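**Q** Structural data only, the sequence is not supplied:
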């Protein structure tokens with residue numbers, strides 16, 4: 001139940017109101033924005049809420065169960081503060097959102113309607129629609145560990161312990177030629193064996209993608225020339241001469257953990273526990289279905 005400012009309640013009881021929507025958005029890079037559907041700038045709590053070029057709200061959708069409540073906020077890509085480049089770069093992903101109902105004639109009369117986070121962003125040629133998810137979306141996140149044969153640690157994190165800054169697992173290269181929108185040849189990393197960087201990452205240090213990271217799905221070496229294939233096409237085009245840092249990848253198998261990283265002691269999988277495949281087995285004449293891992 002919301003607590004409404006007595007002055008705001010008096011204003012609501014009058015029947016004729018001067019209300020507007022205000023959104024305060026705090027991105028992960030600590031940049032805060034304020035937007036309103038009113039026709040002039042509103043200010044409170046140290047934030048200026050920009051008019052018109054901000055957002056337009058849909059109805060608030062909510063339920064009594066634990067499903068994720070949502071509200072859509074529509075905006076224009078030509079806004080000086082919301083750019084298509086920032087959306088493509090993911091700067092708005094999961095940004096914290098506060099939705100306020102404000103008396104624009106007296107901003108001291110306001111009520112916080114909801115808190116949430118930016119969810120799915122749908123882009124068009126001239127506009128975007130951002131989904132504002134309620135805090136209930138946090139309840140949908142996976143908590144705890146899953147018993148599985150493969151490792152559930154992130155390569156290089158504290159649970160894994162592998163030092164990805166070691167020269168054995170890190171290299172620097174330069175793009176030679178673009179083969180496809182997500183595959184290219186590179187110099188500087190020909191000394192690493194084929195597949196060494198499969199499931200690893202590329203961190204761009206120059207070019208239009210500077211500062212971004214991408215996952216590698218395949219790494220091949222032919223005559224000392226490396227070919228890297230990314231999991232997804234880059235947001236911006238890759239060009240010859242672009243410089244990058246590449247780090248090794250892991251397929252999460254125990255054999256790879258020992259042979260490639262000598263890190264079996266930190267392996268976080270359960271390769272010896274029978275999985276669902278054991279439950280689904282059936283008896284055969286030649287045997288072999290004694291409960292061991294396939």
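**A** Okay, I see it. Keep in mind it's a predicted model, so treat the numbers as computed, not measured.

**Q** Would you map the strands across the stretch 151-294 of the chain?
**A** All strands of the stretch 151-294 of the chain, identified by DSSP state E, counting those that start in this stretch, fall at 170-180, 183-187, 201-204, 213-222, 225-230, 243-247.

**Q** of all the ones you listed, which lies closest to residue 147?
**A** Smallest distance to residue 147 across the strands of the stretch 151-294 of the chain (Cβ to Cβ): 25.4 Å, for strand 213-222. For every residue, glycine as well, the C-beta is placed using N, CA and C.

**Q** Please enumerate residues in contact with the closest one?
**A** 190, 192-204, 226-232, 234, 246, 249 (Cβ atoms under 8 Å, 6 or more residues apart in numbering).

**Q** Could I get the buried residue list for that strand?
**A** 214, 216-217, 219, 221 (16 or more other Cβ atoms under 10 Å).

**Q** picking that back up, export the strands of the stretch 151-294 of the chain to JSON lines and tack on mean pLDDT and distance to residue 100?
**A** Converted to JSON lines, the strands of the stretch 151-294 of the chain look like this (pLDDT from 0 to 100; distance: least, Cβ to Cβ, whole Å):
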{"stretch": "strand 170-180", "mean pLDDT": "93", "distance to residue 100": "47"}
{"stretch": "strand 183-187", "mean pLDDT": "94", "distance to residue 100": "47"}
{"stretch": "strand 201-204", "mean pLDDT": "94", "distance to residue 100": "39"}
{"stretch": "strand 213-222", "mean pLDDT": "93", "distance to residue 100": "35"}
{"stretch": "strand 225-230", "mean pLDDT": "94", "distance to residue 100": "41"}
{"stretch": "strand 243-247", "mean pLDDT": "96", "distance to residue 100": "43"}
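
**Q** Among the ones you listed, which comes closest to residue 154?
**A** Closest of the strands of the stretch 151-294 of the chain to residue 154 is strand 201-204, at 11.0 Å (criterion: Cβ to Cβ).

**Q** strands paired with that closest one, and their directions?
**A** Within its sheet, and counting by DSSP bridges, strand 201-204 is paired with strand 213-222 (antiparallel), strand 243-247 (antiparallel).

**Q** Dump these into a markdown table; add distance to residue 2 as well.
**A** What follows is the strands paired with strand 201-204, written out as a markdown table (distance: least, Cβ to Cβ, whole Å):
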| stretch | distance to residue 2 |
| --- | --- |
| strand 213-222 | 41 |
| strand 243-247 | 48 |
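
**Q** for those strands, which one sits closest to residue 10?
**A** Among these, the nearest to residue 10 by Cβ to Cβ is strand 213-222 (53.2 Å).

**Q** show me where pLDDT drops low in the stretch 151-294 of the chain?
**A** Flagging of the stretch 151-294 of the chain using pLDDT under 70 yields the residue ranges 277, 281, 283, 285-294.

**Q** which ones are touching residue 8?
**A** 103, 109-111.

**Q** Can you show me the helices along the stretch 151-294 of the chain?
**A** Along the stretch 151-294 of the chain, counting by DSSP state H, counting those that start in this stretch, helices occupy 254-261, 276-279.

**Q** which ones are touching the residue nearest the centre of the chain?
**A** Nearest to the geometric centre of the chain sits residue 93, at 6.2 Å (Cα atoms, centre = their mean). By Cβ under 8 Å, 6+ apart, residue 93 lies in contact with 28, 118, 121.

**Q** so where does the last one fall, helix or strand?
**A** It stands for residue 121. strand 110-123 (DSSP states H and E).

**Q** and that strand, what does it pack onto?
**A** strand 70-76, helix 84-88, strand 96-103, strand 127-134 (3 or more Cβ pairs under 8 Å, 6 or more residues apart in numbering; DSSP states H and E).

**Q** Out of the ones you listed, name the one with the poorest average pLDDT.
**A** The stretch with the lowest mean pLDDT among the helices and strands packed on strand 110-123 is strand 70-76, at a mean of 49.

**Q** show me where pLDDT drops low in the stretch 1-150 of the chain?
**A** 1, 52-82, 122-129, 134-142.

**Q** Not counting sequence-adjacent ones, nearest residue to residue 17?
**A** residue 11 (6.2 Å; Cβ to Cβ, 6 or more residues apart in numbering).

**Q** no, scratch that, I was asking about residue 261
**A** Here the residue nearest residue 261, using Cβ to Cβ, 6+ apart, is residue 162, at 5.1 Å.

**Q** And that neighbour, how far from residue 32?
**A** 37 Å (Cβ to Cβ, to the nearest Å).

**Q** These two: who's more crowded?
**A** Higher neighbour count among residue 162 and residue 32: residue 162, with 21 against 12, using other Cβ atoms under 10 Å.

**Q** Kind regards, and thank you for your time.
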